[in-house]
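Novice: Provide a 3D model corresponding to the input given below.
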Amino acid sequence: MSNSDSYPKPSSGVSGGVRQPAAAPRVSGAPSRPQQRPGVSGAAAGTGQRPPAPGQRPTVPGQRPAVPGQRPAQPGGQGTTGLIKPAPKAKVRRARLLVSKVDPWSVLKMAFLLSVALGIVTVVAAIVLWTVLDLTGIFDQVDSLLGTLAGSEGGGFELKKVASLGQVASFATIIAVINVVLLTALSMLSAVLYNIAATLVGGIGVTLTDD
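Specialist: Residues are numbered from 1 along each chain as shown. Sure, this is the predicted structure:
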């Protein structure tokens, strides 16, 4: 045997005796994965939720995230009622007019009717007043008082004979007729004087509204 056969041959996995290069060592200075941002709770990391963006409120579990451009709902159900504005009130229209002239004939007719109504009220009031005085015994008390002052005994003076119901009604009727004539004439004269004064000062101003 030769000397070459006494030494063991090195075993190799590649045919032909070619030696494979050794694997490259792992570089210890390779960049590692970025660590988790500070401020993120462990619960958010464990549940798999994305951390909130800067300036955004954290979402509560079970609540939908807010849609961009949508206002958050107000507590107490005031989300829609607080945004409704009341309808503006309509402005009251006003018109200022001047009574520059009145018709004397229309004033005459109106004054005549009003004076007749006033005359009827005067006559009725006189009759009612005389009846009330008679029923309450005022006439008898006045008769006794006048008899005591005059010193005469008995019923020498009676007020009913001087101012009876017929006389009172007649007197009231005369007063009513006089009032009708006077009021009608004065009203027509007042209308004429007003027209003359309105040509100088412009008349009486009247403000009308649609309220």
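
Novice: buried residues in the helix or strand containing residue 141, which are they?
Specialist: Per DSSP states H and E, residue 141 falls inside helix 138-150. Buried residues in helix 138-150, counted by 16 or more other C-beta atoms under 10 Å: 139, 143, 147. Quick note: C-beta positions are derived from backbone N, CA and C, even for glycine.

Novice: which pLDDT value goes with the last one?
Specialist: Which is residue 147. Confidence at residue 147, expressed as pLDDT, is 76.

Novice: and the gap between it and residue 186?
Specialist: For residue 147, the distance to residue 186 equals 45 Å [C-beta to C-beta, to the nearest Å].

Novice: pLDDT below threshold where in the protein?
Specialist: 1-82, 151-157, 211 (pLDDT under 70).

Novice: try it again at 90.
Specialist: By pLDDT under 90, the low-scoring segments of the chain are 1-100, 133-166, 201-211.

Novice: can you pull out the helices in it?
Specialist: 3-6, 42-47, 104-135, 138-150, 159-162, 165-201 (DSSP state H).

Novice: got the contact list for the closest residue to residue 119 other than its chain neighbours?
Specialist: Residue nearest to residue 119 in three dimensions, not counting chain neighbours: residue 176, with 2.9 Å by C-beta to C-beta, 6 or more residues apart in numbering. Contact analysis of residue 176 by C-beta atoms under 8 Å, 6 or more residues apart in numbering lists 118, 119, 120, 122, 123.
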